[in-house]
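1. Would you be able to build a 3D model of this:
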Amino acid sequence: MERAKTPLDLKPVSEIKGTFFVPSYQRGYRWGRDEVELLLNDIYGLMDAEKEQEYCLQPIVVINDGEKYELIDGQQRLTTIYLIYMYLYKSFQGFFTKPDFSLIYQNRNGSKAFLEEIDLTRATEYIDFWFMCEAYKTIDRWFSARDKQMAAIKILEFFKSKVKVIWYEIDSGLGMDGNALFTRLNIGKIPLTSAELVKAMFLCKESESELEVQKQQEIALQWDNIEKELHDDSLWSFLTNHDSADYQTRIDLVLDLISNKADNEKEKYATFFYFDQQRKNAKDKKEWRTEIWRKIEHTFLVLKDWYEDHDYYHKIGFLIASEEVTLRTIYEDSINKTKSDFQKSLNERIKNVIHIGKNYGELSYEHDYEAIYRLLLLFNIESVRKIDHKAQRFPFDQFKKTEDGKVVWSLEHIHAQQSEGLNDRKQQKEWIANHIKALNTIGGNPLLVDRMEAFLQDDAARKEDFIKLQQETMDLLSERGGVDYKHTIANLALLNNRDNAALNNSVFAVKRDLIIEMDRAGQFIPFCTKMVFLKYYSSSEGNQLHFWGQKDREAYVAKIYETLKEYMSEPILLVREERQ
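-> Take a look at the predicted model:
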């Protein structure tokens, strides 16, 4: 059997040759009607595609022992292709030949002979035979529903020119255990990634020269170092909003960036195809590794330089976190730009992200949620960036942590004006208990506190009783007239949305106590949110700690403008909301 020159290649289906041995540790053939029809439809669909378009099947992974291939991954696809060849051979005898390869299933006696004959009367001998027969019948129905001869000619033509497999061949001399490799690829359902295939491409042995071996070792070491560095969650969260689980190997992020892979790209191995083409197009066929690797290494070093630069880190970090600008857009924009021009470009992009075309004071929680969210996110990030001596960095890794795939940060009212949606008795009790503490702290109405404590003990208390206590408490813990600014930016901050409804509908004093408690416990709180509840932006003159009043709101929006004025066209002017 002819041995492959390299262990990794794109191979037309028509060039698959040899004997393939399916070991007993694998399950048998199990493709059904849906999988078989999908494969045929995808291939036949190439008739309407552009001439240069190719269709690539999932990888075929084999161990080559010099006489046969141990088939590690791709058994279902390869068996189906074999059945297609056999159907055409049997249906058009004299016109088409049998496949150039054969399959042997270790745990199925006579599997090779059965596949060479496709005797449908033997379907009940083994479960594998039954599935193979059903797949064969599906192929027959598919061709019979079309111009059979035309479809046959086209399918075989595409097998020669357009339909390819990623051929991943491992020499048995490397001592790799087939069972262990199969487990790696299948049991955990962890397929080969584009990054692993690109890495294998670099490690393909094309000669025995000591220089080539040394170069391969250097690339392998540098590759692993880049992967290791990208496992720093601080760096990773700066570069992307994707959860780390979205990437089985993190270097894929860099490779996708270079290959210009679109987010909606359906071809799983598009990035590998790009680098394989780069290898084929390399000017110096002996130095293609160095040429391609320099590009990968340079790209990573650019990203790392941004991460280590205090200004780039925060400005680029905001643009990516805002989800309005992609890493690819920023990277392409940086090419051939001076540092000064790149800084100007980043500033312009930030301006565009927060631009709203009207006074920021007119923004409403109910109608402009995303715009306010982006503005407050920038306020937090820029506030940290501008701290003297660059002593702090905004922690994108903590900010982007998710729970069950959901972002935990949202816009919350600094001071709630009413408690909406507290119909649950448990939530009502929690709200009452929290506000008793706040009333006691400021020496509030003792009679009201007594009634609230009685509510906690009365399991028969009605919702109307809660609403009445709630309103009286709100009146005591709210500044008169504050309701006019309830949904404006002056009363909004970034808070953790995991907290229960009783907290989200609480007055400033209750939320302030909780923020302090969370801070003491070491829980991450966005910088400006913490400053708001600590009254950092409010003047000390005549300040009261337990209310969020007009002076506090004015000071808050003034600080937002002071921090962001290089990106904003005019100061924030508070506009009263129209009462309903």
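2. And the strands in this structure, which stretches?
-> Using DSSP state E, the strands of the chain run over residues 8-12, 18-22, 55-64, 69-73, 101-105, 163-171, 402-403, 406-407, 409-413, 492-496.
3. Make a markdown table out of those and add mean pLDDT, mean neighbour count and distance to Y44.
-> In short, each C-beta sits where N, CA and C put it, glycine included. As requested, these are exported to a markdown table (pLDDT from 0 to 100; neighbours: other Cβ atoms under 10 Å; distance: least, Cβ to Cβ, whole Å):
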| stretch | mean pLDDT | mean neighbour count | distance to Y44 |
| --- | --- | --- | --- |
| strand 8-12 | 81 | 17 | 17 |
| strand 18-22 | 93 | 19 | 25 |
| strand 55-64 | 83 | 20 | 10 |
| strand 69-73 | 88 | 23 | 25 |
| strand 101-105 | 93 | 20 | 22 |
| strand 163-171 | 83 | 20 | 10 |
| strand 402-403 | 71 | 10 | 41 |
| strand 406-407 | 64 | 10 | 41 |
| strand 409-413 | 87 | 19 | 48 |
| strand 492-496 | 88 | 23 | 52 |
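4. May I see those arranged in CSV, with distance to I572 as well?
-> CSV is the format used below for the strands of the chain (distance: least, Cβ to Cβ, whole Å):
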stretch, distance to I572
strand 8-12, 57
strand 18-22, 69
strand 55-64, 54
strand 69-73, 59
strand 101-105, 71
strand 163-171, 56
strand 402-403, 31
strand 406-407, 26
strand 409-413, 16
strand 492-496, 12
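5. out of those strands, which comes closest to H242?
-> Nearest to H242, of all the strands of the chain, is strand 402-403, at 10.5 Å by Cβ to Cβ.
6. so what's Q216 closest to, chain neighbours aside?
-> The shortest distance from Q216 to any non-neighbouring residue, by Cβ to Cβ, 6 or more residues apart in numbering, is to L203 (5.4 Å).
7. whoops, K154 was the one
-> Counting by Cβ to Cβ, 6+ apart, the residue nearest K154 is M47, at 6.0 Å.
8. I figured the one you found hits E157, correct?
-> No. Here M47 does not reach E157: they are 9.6 Å apart, not a contact under Cβ atoms under 8 Å.
9. any weak-confidence spans in the stretch 101-250 of the chain?
-> Across the stretch 101-250 of the chain, the ranges flagged by pLDDT under 70 are 171-192, 204-209.
10. quick one: the helices in it?
-> Counting by DSSP state H, counting those that start in this stretch, the stretch 101-250 of the chain has these helices, from start to end: 111-117, 127-144, 148-161, 178-182, 194-202, 210-230, 233-239.
11. Give me whichever of those is most buried.
-> Of all the helices of the stretch 101-250 of the chain, helix 194-202 carries the top mean neighbour count, a mean of 21, counting by mean count of other Cβ atoms under 10 Å.
12. could I get that helix in CSV with only the CA atoms?
-> Listed next in CSV are the C-alpha coordinates belonging to helix 194-202 (Å, rounded to 0.1, in the frame of the first residue of the first chain):
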residue,chain,number,x,y,z
SER,A,194,-8.8,23.6,12.8
ALA,A,195,-6.0,24.5,15.2
GLU,A,196,-5.0,20.9,15.7
LEU,A,197,-5.1,20.3,12.0
VAL,A,198,-2.9,23.4,11.3
LYS,A,199,-0.5,22.3,13.9
ALA,A,200,-0.3,18.8,12.3
MET,A,201,0.4,20.6,9.0
PHE,A,202,3.4,22.3,10.5
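13. counting contacts, what elements does it pack onto?
-> If you count contacts as 3 or more Cβ pairs under 8 Å, 6 or more residues apart in numbering; DSSP states H and E, helix 194-202 packs onto strand 8-12, strand 163-171, helix 210-230, helix 252-259, helix 270-281, helix 288-308.
14. out of these, nearest to M86?
-> Closest to M86 of the helices and strands packed on helix 194-202 is strand 163-171 (Cβ to Cβ; 16.9 Å).
15. Now do the closest one: everything it contacts.
-> For strand 163-171, contacts defined as Cβ atoms under 8 Å, 6 or more residues apart in numbering pick out 4, 6-13, 16, 43, 46, 54-64, 69, 72-74, 77, 176, 181, 192, 197, 200, 269, 272.
16. roughly how far is it from the heart of the chain?
-> Centre-to-centre, strand 163-171 and its host chain are 28 Å apart (Cα atoms, centre = their mean, to the nearest Å).
17. again, but for stretch 34-46
-> Centroid displacement of stretch 34-46 relative to its chain, using Cα atoms, centre = their mean, is 29 Å.
18. buried sites along that stretch?
-> Across stretch 34-46, burial judged by 16 or more other Cβ atoms under 10 Å covers 36, 39-40, 43-44, 46.
19. mind listing which of those residues are in helices?
-> If you go by DSSP state H, the buried residues of stretch 34-46 have 36, 39-40, 43-44 in helices.
20. Can you add distance to R108 and give these back as TSV?
-> Below are those laid out as TSV (distance: Cβ to Cβ, whole Å):
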residue	distance to R108
V36	19
L39	22
L40	25
I43	27
Y44	30
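21. Could you check how far E324 is from L303?
-> 19 Å (Cβ to Cβ, to the nearest Å).
22. These two: who's more crowded?
-> More neighbours surround L303 than the other of E324 and L303, with 24 against 16 (other Cβ atoms under 10 Å).
23. For that one, give me its contacts.
-> 239, 254, 331.
24. and of those, the nearest to R553?
-> Nearest to R553 among the contacts of L303 is L239, at 36.3 Å by Cβ to Cβ.
25. The closest one and A195, how far apart?
-> 15 Å.
26. Which pLDDT does the model give R576?
-> At R576, the model reports a pLDDT of 66.
27. thought L411 was touching R374?
-> No. Applying Cβ under 8 Å, one finds L411 not in contact with R374, separated by 10.5 Å.
28. isn't H435 right next to F455, touching?
-> No. Assessed by Cβ under 8 Å, H435 is found out of contact with F455, at 10.9 Å.
29. Among the two, which residue is more densely surrounded?
-> Set H435 next to F455 and count neighbours by other Cβ under 10 Å: H435 wins out with 26 against 19.
30. Just the pLDDT for that one.
-> H435 is given a pLDDT of 85.
31. what sits against it?
-> 452, 473, 477, 506-507, 510.
32. tally of neighbours for A461?
-> Neighbour count of A461, defined by other Cβ under 10 Å: 17.
33. Would you quantify the distance from it to N445?
-> 19 Å.
34. Quickly list the domain ranges of the protein.
-> Under the assignment automatic domain parsing, the domains of the chain span 8-192, 210-308, 370-417+478-564.
35. Can you name the residues that contact the spatially most central residue of the chain?
-> Taking Cα atoms, centre = their mean, the centroid of the chain lies closest to H242, which sits 3.1 Å from it. Residues near H242 by Cβ under 8 Å, 6+ apart: L253.
36. how does it look with 7 Å?
-> Listed by Cβ atoms under 7 Å, 6 or more residues apart in numbering, H242 has no contact partners.
37. do the same with the one 10 residues further on
-> For D252, the residues meeting the contact criterion (Cβ under 7 Å, 6+ apart) are 193-195, 271.
38. quick one: which of the contacts of H435 is nearest to I258?
-> Looking across the contacts of H435 and measuring by Cβ to Cβ, the closest to I258 is S506, at 49.4 Å.
39. what about that closest one, neighbour count?
-> S506: 27 neighbours (other Cβ under 10 Å).
40. so what's it up against?
-> 416, 431, 434.
41. Mind doing that once more with 6 Å?
-> Applying Cβ atoms under 6 Å, 6 or more residues apart in numbering to S506 gives the contacts A416.
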